[in-house]
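Colleague: Sequence first, predicted model second:
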Amino acid sequence: MTLLSGLIFTIGLGLLLIVVIKSLIFEQVLTGGIGSIILEQAPNDVGTANIVSSVLLAYRGLDTLGELTVLFVAATAVGLVLGQPRPDAPRDPDAGFILRSAADLLFPFMIILGAYIILHGHLTPGGGFQGGAILAAAFFIPILASPSSPLNHKVSSLVEGLAGSAFILIGLLALFDKGYFLAPLLGTGEVGELFSAGSLPLLYLAVGLKVGAELAGLLARLHETEV
C-alpha cells in the first residue's frame, strides 16, 4: 500500500509536469510591479482574504507543488535509509500516568487546532503547512508518551499519497477547465467568508494532510530508530 500510494503520486507528478511545461508561454516575461498587481487583482481573481494564500496556491502554485515534492522525497529517503525496526528491538517504557493522560488529553485539541488553521488558511495567516505541522505533532506526542503504541506507517503513507494525488488532480482539472494550473474552481464566493476562494480550501486541506502524514511518519521513524 505504501509503494502504491507513492507510485500514484510520482506518476501524477510526472504527467502534471509534462502538461504544464507544454502549456507555458515563455515569451511572456513579467518584471516589476507584480506585487502591486497581485494585491489589486487577487481578491477578485481568487477570492481570498489572505493574499499570501493566493500566491501560494494560485499564482505560484507550481512552486508549492515543488515544495511538497521535496518533502515527499526527503521523507521517502529517510524511510529507505532507516528501514524497518526489528520486531525484537527493545522499546522505551511508557511514560508515567500524568504524561500519558496529558498526551491523550491534548490530542483532540491539537487535531481541532490543526484543522482550524488548515481550513481558515484562505482567510487568516496559516494554512496547510502550518496546520499540517500541528497535525503531525498531535500524532507524535502520544508516541513519545507511549512508545508501545507506534504510528501506523501504512495508514500515514496512504493518506500522504492520496493527499498529494488530490492536489495534483485539482491542479489538472483547473488546467483543463480554466487554462491555468491551480486556477480557482467552483467560483470565488464572497471574500472573507469561510466558503469562499473556490477550490483553494480543498488544496490547503490536501497540503495539510500530506504535510501532517509525512512529518508524523518521519518523526515516528526517527524515534523508532533511536529506540
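Modeller: Great, that's in hand. Treat the numbers as computed from the prediction; the structure is a model and nothing was measured.
Colleague: Would you point out which residue is most central in the chain?
Modeller: By C-alpha atoms, centre = their mean, the chain has its centre lying nearest to residue 207, at 2.2 Å.
Colleague: Can you tell me the closest non-neighbouring residue to that residue?
Modeller: If the residues on either side of it in the chain are set aside, residue 207 comes closest to residue 128, at 2.8 Å by C-beta to C-beta, 6 or more residues apart in numbering. (Each C-beta comes from the backbone N, C-alpha and C, glycine too.)
Colleague: Please, which helix or strand holds residue 113?
Modeller: Residue 113 belongs to helix 97-119 when assigned by DSSP states H and E.
Colleague: Residue 14: neighbouring residues, count only.
Modeller: With neighbours defined by other C-beta atoms under 10 Å, the count for residue 14 comes to 11.
Colleague: quick one: pLDDT of it?
Modeller: With respect to pLDDT, residue 14 has a value of 73.
Colleague: Residue 120 versus that one, what's the distance?
Modeller: Counting by C-beta to C-beta, to the nearest Å, the gap from residue 14 to residue 120 is 33 Å.
Colleague: if we can go back for a sec, what about the residue nearest to residue 207, neighbour count?
Modeller: 30.
Colleague: Got phi/psi on it?
Modeller: Here is the backbone geometry of residue 128 (degrees, to the nearest 10): phi -70, psi -40.
Colleague: Surely residue 163 and residue 209 touch.
Modeller: Yes: under the criterion of C-beta atoms under 8 Å, residue 163 makes contact with residue 209 at 3.9 Å.
Colleague: For residue 203, grab the count of nearby residues.
Modeller: Neighbour count of residue 203, defined by other C-beta under 10 Å: 30.
Colleague: Apart from its chain neighbours, what residue comes closest to it?
Modeller: residue 57 (4.9 Å).
Colleague: In contact with that neighbour, which residues?
Modeller: By C-beta atoms under 8 Å, 6 or more residues apart in numbering, residue 57 lies in contact with 64, 182, 200, 203-204.
Colleague: No more questions from me, cheers.
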